[in-house]
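Engineer: when you get a sec, could you give me coordinates for this:
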Amino acid sequence: MTLSPKLQKHFNEQINNEMSSSYAYLAMAAWFEQTPYVGFAQWMFAQSREETMHALKFYQYLVDRDAKVELQPIDKPKMDFKSPIDVFQHSLKQEQKVTQQINDLYEVAEQVKDHASKNLLLWFLNEQMEEEKSVGDMLDRLKLADNDTASLLVLDREAGSRPSAGGGKPGGGAGRGAGA
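Structural biologist: Model prediction:
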């Protein structure tokens, strides 16, 4: 079954969207690496890997459908944040943006009556519901902790114990303030 040119174009755009999201999460991880919050750095690094895996899933889908893969440039992500709350607010906005992109892609698949693509996209829509909930829950907890150092460190430890897609963790993972 041949992929419609319109859907092919949108799937290629989604590869870029997912890689841009991965890059944004890598920037968030890098920001946390400059703080004592190594658990939050690991969380964001895991998110970056997960977004890369999503891009590769779209890539493989295009290949499997004998469609042309056309990679596009990735914009520089935001690099400076004010606080863990600021980072997670940015993360939630990122997830909501990706959810909308997947919804838009699903609508195109419906328009061209490509049921195989709709099936793939349902997986992503379910994944996005989980991601928004996960980030939203952490953001709510960070807001409750406010600036209480002990509470923030507990949340950081919990964030660092989150399972990572693809395993591994960033660089040294120690953060600038962890050993000082």
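
Engineer: just for this structure, where's the confidence low?
Structural biologist: Along the chain, the parts satisfying pLDDT under 70 run over 164-180.

Engineer: at 50 what do you get?
Structural biologist: 166-180 (pLDDT under 50).

Engineer: where do the helices of it begin and end?
Structural biologist: Taking DSSP state H as the test, the helices found in the chain are 5-33, 38-64, 84-111, 115-145, 149-160.

Engineer: buried residues of the second one, list them for me.
Structural biologist: Yep, that's helix 38-64 we're talking about. Along helix 38-64, the positions that meet the burial threshold by neighbour count (16 or more other Cβ atoms under 10 Å) are 38-52, 54-55, 57-59, 61-62. Where C-beta positions appear, they are placed from N, C-alpha and C, glycine not excepted.

Engineer: dump the helices of the chain to CSV, plus distance to Pro77.
Structural biologist: Below are the helices of the chain laid out as CSV (distance: least, Cβ to Cβ, whole Å):
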stretch, distance to Pro77
helix 5-33, 4
helix 38-64, 10
helix 84-111, 9
helix 115-145, 16
helix 149-160, 20
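
Engineer: among those helices, which comes closest to Asp75?
Structural biologist: Distances from Asp75 to each of the helices of the chain were compared using Cβ to Cβ; the minimum, 6.3 Å, belongs to helix 5-33.

Engineer: nearest to Glu70, of the helices of the chain?
Structural biologist: helix 5-33 (4.7 Å).

Engineer: now that closest one against helix 149-160, angle please.
Structural biologist: For helix 5-33 against helix 149-160, the angle by axes from the mean of the first three to the mean of the last three Cα atoms, to 10 degrees is 140 degrees.

Engineer: chain center to helix 5-33, what's the gap?
Structural biologist: A distance of 8 Å separates the C-alpha centroid of helix 5-33 from that of its chain, computed with Cα atoms, centre = their mean, to the nearest Å.

Engineer: of the helices of the chain, which approaches Gln72 most closely?
Structural biologist: Gln72 sits nearest to helix 5-33 of all the helices of the chain, at 4.4 Å, using Cβ to Cβ.

Engineer: and that closest one, what other elements does it pack with?
Structural biologist: When contacts are defined as 3 or more Cβ pairs under 8 Å, 6 or more residues apart in numbering; DSSP states H and E, helix 5-33 sits against helix 38-64, helix 84-111.
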